[in-house]
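Undergrad: generate coordinates for the sequence data below:
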Amino acid sequence: MRRNAVQRGTSTDPGYWTATETAQALAARRISARELLEHVIQRIEPRDGPINAVVVRDFGRAREAAGAADAALARGDRRPLLGVAMTVKESQDVAGLSSSWGIPAFRDWRPAEDGSAIARLKNAGAVIIGKTNVPTALADWQSANEIYGFTRNPWEKARSPGGSSGGGAAALAAGFVPLELGSDIGGSIRVPAHFCGVFGHKPSFGLLPIKGHTFPGTSAGVDLAVIGPLARSAADLDLALGILAGPDEEAAVAYRLGPPPARHAALRDYRVLVIDAHPLVPTAASVRSALDRLAGRLAAAGSRVARSSALLPDPALADRTYLQLLMPILTARMPPDAYAGVQAAASNLPADDQSLSAQRVRASVLSYRDWFAANEARAVLRRQWRALFREFDVVLTPAFSTPAFPHDHSADMNARVAEIDGVRVPYFDQLAWPGVATVAGLPATVAPLERDAAGLPVGVAINGPFLEDRTTIAFAGLIEEAFGGFVPPPGFAA
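TA: Predicted structure coming up:
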């Protein structure tokens, strides 16, 4: 499968240019920033209704920014995103725009200043046209809330676009914008990229500044959480990483960014470990077969491909550690009555119940003593990953257990059930694959591979060594070039 024509820069529709191609066209004056913005608006207004991706629109200020970009281009300014229209996740702080996280109580919360990442995007010349939809409190693999409603997948409107950066992934797939800024703690960049057939990058923990992406009205970031880009090409992920990465203003007094380059420049030089099964959750045959075909193609291209390694950290232990670190974060700001219910549920669990659901409940009421033990277990996992990455360059896994699933907006999320090739499992057992990279703070890039028998996108998660983000992104670019990348959903290409 070769790359689609829109990825080779041959599309006449600017909606499917990459961010890099768009910036080049603007710099060459083949299109003005004002013309580009009006094209974007004219594409969104008639097409977004059935999808509901761009839920906060800032077209007025975007027109002013586009005008300023044109003036700067005329003066010879050549910043990397000068005049490029893009969206950001609703939870990213943009001065004057709603940043509710989909929580009704914060419907009117509007930060007074841009977050660090937004400021860097604007300094690079980006024209931010609005914000994209999220689930309530960013806590779902769907993008639905009482304020904005729910977002549909452009590939199949009856299915989820993923979450919590689902609105952004849908906007990319629909050809509204070429670049989006999301966030990830439980697959919130990787799952939407996989569901919508686009690229997404979960950075190494701490590589990108979190200031401006904190719970409404607060200033502190949380453990495990990162922000990162989504795009329609690996090159655009690398472009965005170069703009966004580096310490926040306070730490920048003493520290500078110095990530290493990609380990290799050709597929034949990569040492690849492929893991397609998890002991705690089933994985759909369509996902495993896509990964298997990729492994065969990589081997044919000269990569050294292994399907197992004694160096791989114990997946069950890693998942338990991940839940112990994650669940206190998710329950920390629960109302007192809701948290009391969680405490009661934890105390009523049978001692011999070691299911993932029981582990999640127990982890929700973790003591600091227990958290300290989980943090020590994480340190051991990180050491094991370092040893593994001395033998391998990347580890390929599913991004999620299934392709995009049908919408399920039932109120009791803990009662939801996922069906994976006829096997019914608790909905949140699907945290297992996203947790592989998150618990150890590793970078992970999702790249689209193919479509399943139902025509839904299937992607691969490329997990890499801590702080070697350029290696996972570069590998995504190599498989994009060799085997195919983004393809527009039916009915959306010009």
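Undergrad: now stretch 486-494: mean pLDDT?
TA: Averaged across stretch 486-494, pLDDT comes to 90.
Undergrad: can you list contacts of it?
TA: Stretch 486-494 is contacted from outside by 4, 6-7, 11-13, 15-16, 47, 154-155, 173-175, 197-199, 232-233, 448, 451, 455, using CB atoms under 8 Å, 6 or more residues apart in numbering. All C-beta atoms are positioned from the backbone trio N, CA, C, and that covers glycine.
Undergrad: and F176, how many residues sit next to it?
TA: 28 (other CB atoms under 10 Å).
Undergrad: and it, helix, strand or coil?
TA: At F176 the chain is in coil, as set by DSSP: H, G, I helix; E, B strand; the rest coil.
Undergrad: next up, the contacts around the residue nearest to it when sequence neighbours are not counted.
TA: Residue nearest to F176 in three dimensions, not counting chain neighbours: I44, with 5.1 Å by CB to CB, 6 or more residues apart in numbering. Counting by CB under 8 Å, 6+ apart, I44 touches V54, R57, I129, F176.
Undergrad: the second one against N133, yeah?
TA: It stands for R57. No - counting by CB atoms under 8 Å, R57 sits too far from N133 to count as a contact (11.9 Å).
Undergrad: tell me where the stretch 51-200 of the chain has helices.
TA: For the stretch 51-200 of the chain, the helices defined by DSSP state H, counting those that start in this stretch cover 59-74, 116-123, 166-173, 190-196.
Undergrad: turn these into a markdown table, including mean neighbour count.
TA: As requested, the helices of the stretch 51-200 of the chain are exported to a markdown table (neighbours: other CB atoms under 10 Å):
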| stretch | mean neighbour count |
| --- | --- |
| helix 59-74 | 17 |
| helix 116-123 | 21 |
| helix 166-173 | 34 |
| helix 190-196 | 34 |
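Undergrad: could you export the lowest-mean-pLDDT helix or strand in the chain as CSV, CA atoms only?
TA: Lowest on mean pLDDT, DSSP states H and E among the helices and strands of the chain sits helix 336-347, with a mean of 84. Extracted C-alpha coordinates of helix 336-347, given in CSV (Å, rounded to 0.1, in the frame of the first residue of the first chain):
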residue,chain,number,x,y,z
PRO,A,336,-17.1,14.1,48.6
ASP,A,337,-20.2,11.9,48.2
ALA,A,338,-18.9,10.3,45.1
TYR,A,339,-15.5,9.6,46.6
ALA,A,340,-17.3,8.1,49.7
GLY,A,341,-19.0,5.7,47.3
VAL,A,342,-15.6,4.6,45.9
GLN,A,343,-14.3,4.1,49.4
ALA,A,344,-17.3,2.0,50.3
ALA,A,345,-16.9,-0.1,47.1
ALA,A,346,-13.2,-0.7,47.9
SER,A,347,-13.9,-1.8,51.4
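Undergrad: can you name every helix or strand that the very next helix or strand once past it contacts?
TA: Once helix 336-347 ends, the next helix or strand along the chain (criterion: DSSP states H and E) is helix 356-364. With contacts defined as 3 or more CB pairs under 8 Å, 6 or more residues apart in numbering; DSSP states H and E, helix 356-364 has these neighbours: helix 315-331, helix 336-347.
Undergrad: packing partners for the longest one?
TA: With contacts defined as 3+ CB pairs under 8 Å, 6+ apart, helix 315-331 has these neighbours: helix 356-364, helix 368-388, helix 432-438.
Undergrad: ditto for the last one
TA: With contacts defined as 3+ CB pairs under 8 Å, 6+ apart, the packing partners of helix 336-347 are helix 356-364.
Undergrad: now do the buried residues in the helix it packs on.
TA: Neighbour-count burial for helix 356-364 flags L356, A358, Q359, R360, V361, R362, A363, S364 (criterion: 16 or more other CB atoms under 10 Å).
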